[in-house]
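Student: Would you be able to build a 3D model of this:
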Amino acid sequence: MTAQPEVMGRVFNIQRFCIHDGPGIRTTVFLAGCTLRCAWCHNPEAFAGDTARWLGAGEVLRQVMEDRDFYVNSGGGLTVSGGEPLLQGRFVRALLTAAGEQRLHRCIQTAGAVPQHVFDDVMDVVDLFQFDLKHLDDFQHCALTGVSNAPILANARHLVQRGARVEFRMPLVPGINDAPDHLQRLADLLARLGAGTLRLVPYQRTYLHKYPALGLAARCSAIQPPSRAHLGMVCAAFQARGIAVAVDG
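Tutor: Numbers count the residues shown, from 1 in each chain. The predicted model follows:
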C-alpha cells in the first residue's frame, strides 16, 4: 500500500511555555494567512513577507511533544493560532487529530471570518475555541479589519448552538472598542449566546517593531496600552452586567 503524503502547513512560529493561550502551560503554533487586516494586528508576519516555513503535521507535533510533561502537570496542551489558522483547515485537522491521539488538550484561536463548514470540519477535534470579537458595529468593523462582522457573528452563534466549548475574547484597544455603549452591546451579545465570561486582551505596543521590518505602516502606533485603572473600569462594566472577566497579561 502506498503511504499517504504528510499534510503540510505554513507555520511562522512555534512558541513554547505559553500561559495565555488556553488552560495550563501550552505550545502555540502560529499559522500564516489571515482574512482580516486589523489596525492593531500584533502578528503582521502572518500575512506579510516570507517568514513562514512549510512543515508537516508530524514534525510540528514532534516539537510540541517535547514539553509533554509540562502539559500533563498543568492541564495544558496545544494551541493553534495565526493569523487565521482555519484558512489551513486540512492541516489543522491533521495536527489536532494527531494531538488527540497523544491525549493533548487542543485549542484554536480564531477571528471567525471563514466559511461555516470549516468550523464543522474541525469541531470534533477541538477542545476549546478562543473566539475573537473585535467590534460589534459592522461599519467600524469593516474600517478596522477590512471585513464585515456578519459572518463572524453567525459563526459564533453556530458554534454555541452546536455545543462547542467557546471562550470569547476581545482585544481591548483604547479609543477603538472601549466606549461604554460598545461594552453594553458586547455584554448583551454574550448574554444572548449564554456566555457568562469574556477574556480581555489589552492592547500592547511590543509588536510595533515588526512593521518597519516588513515594510508596513502601523496604523495604531500612537495608541497607548490601557492603564490599570481603565482596565478596572472596563472589567467592572462587564461584571455589573453579569459577565465575569479574565485579563491576559
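
Student: Which elements pack onto the helix or strand harbouring residue 14?
Tutor: Per DSSP states H and E, residue 14 falls inside strand 8-18. Counting by 3 or more Cβ pairs under 8 Å, 6 or more residues apart in numbering; DSSP states H and E, the packing neighbours recorded for strand 8-18 are strand 26-31, strand 53-56, helix 57-64, helix 89-101. Every C-beta, even on glycine, is put in place using the N, C-alpha and C of the backbone.

Student: for the closest residue to residue 162 other than its chain neighbours, what are its contacts?
Tutor: Distance criterion Cβ to Cβ, 6 or more residues apart in numbering; nearest residue to residue 162, sequence neighbours excluded, is residue 123 at 6.4 Å. Residue 123 sits next to 159, 162, 164 when contact means Cβ atoms under 8 Å, 6 or more residues apart in numbering.

Student: and the second one, backbone torsions?
Tutor: When quoted as degrees, to the nearest 10, the phi and psi of residue 162 stand at phi -80, psi 0.

Student: do you know how far it is from residue 155?
Tutor: 10 Å (Cβ to Cβ, to the nearest Å).

Student: okay, and the common contacts of the two?
Tutor: Counting by Cβ under 8 Å, 6+ apart, the shared contacts of residue 162 and residue 155 are residue 119.

Student: Neighbour count for the two, which is higher?
Tutor: residue 155 (22 against 12; other Cβ atoms under 10 Å).

Student: Look at that one and give its secondary structure.
Tutor: Using DSSP: H, G, I helix; E, B strand; the rest coil, the structure places residue 155 in helix.

Student: what number of residues lie near the nearest residue to it once chain neighbours are set aside?
Tutor: Using Cβ to Cβ, 6+ apart and skipping the chain neighbours, the partner closest in space to residue 155 is residue 112 (4.5 Å). Per other Cβ under 10 Å, the neighbour tally for residue 112 reads 26.

Student: Might you report the residue contacts of residue 112?
Tutor: By Cβ under 8 Å, 6+ apart, the contact set of residue 112 is 131-132, 151-153, 155-156.

Student: mind listing the strands for the chain?
Tutor: 8-18, 26-31, 53-56, 77-81, 105-110, 128-132, 166-172, 197-202, 244-247 (DSSP state E).

Student: Just send the ones you listed back as TSV, with mean neighbour count too.
Tutor: Below are the strands of the chain laid out as TSV (neighbours: other Cβ atoms under 10 Å):
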stretch	mean neighbour count
strand 8-18	17
strand 26-31	25
strand 53-56	16
strand 77-81	26
strand 105-110	24
strand 128-132	21
strand 166-172	20
strand 197-202	18
strand 244-247	14
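
Student: can I get those strands in JSON lines with distance to residue 226 and mean pLDDT?
Tutor: JSON lines is the format used below for the strands of the chain (distance: least, Cβ to Cβ, whole Å; pLDDT from 0 to 100):
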{"stretch": "strand 8-18", "distance to residue 226": "22", "mean pLDDT": "96"}
{"stretch": "strand 26-31", "distance to residue 226": "23", "mean pLDDT": "98"}
{"stretch": "strand 53-56", "distance to residue 226": "35", "mean pLDDT": "96"}
{"stretch": "strand 77-81", "distance to residue 226": "22", "mean pLDDT": "98"}
{"stretch": "strand 105-110", "distance to residue 226": "21", "mean pLDDT": "98"}
{"stretch": "strand 128-132", "distance to residue 226": "17", "mean pLDDT": "98"}
{"stretch": "strand 166-172", "distance to residue 226": "6", "mean pLDDT": "98"}
{"stretch": "strand 197-202", "distance to residue 226": "5", "mean pLDDT": "97"}
{"stretch": "strand 244-247", "distance to residue 226": "10", "mean pLDDT": "96"}
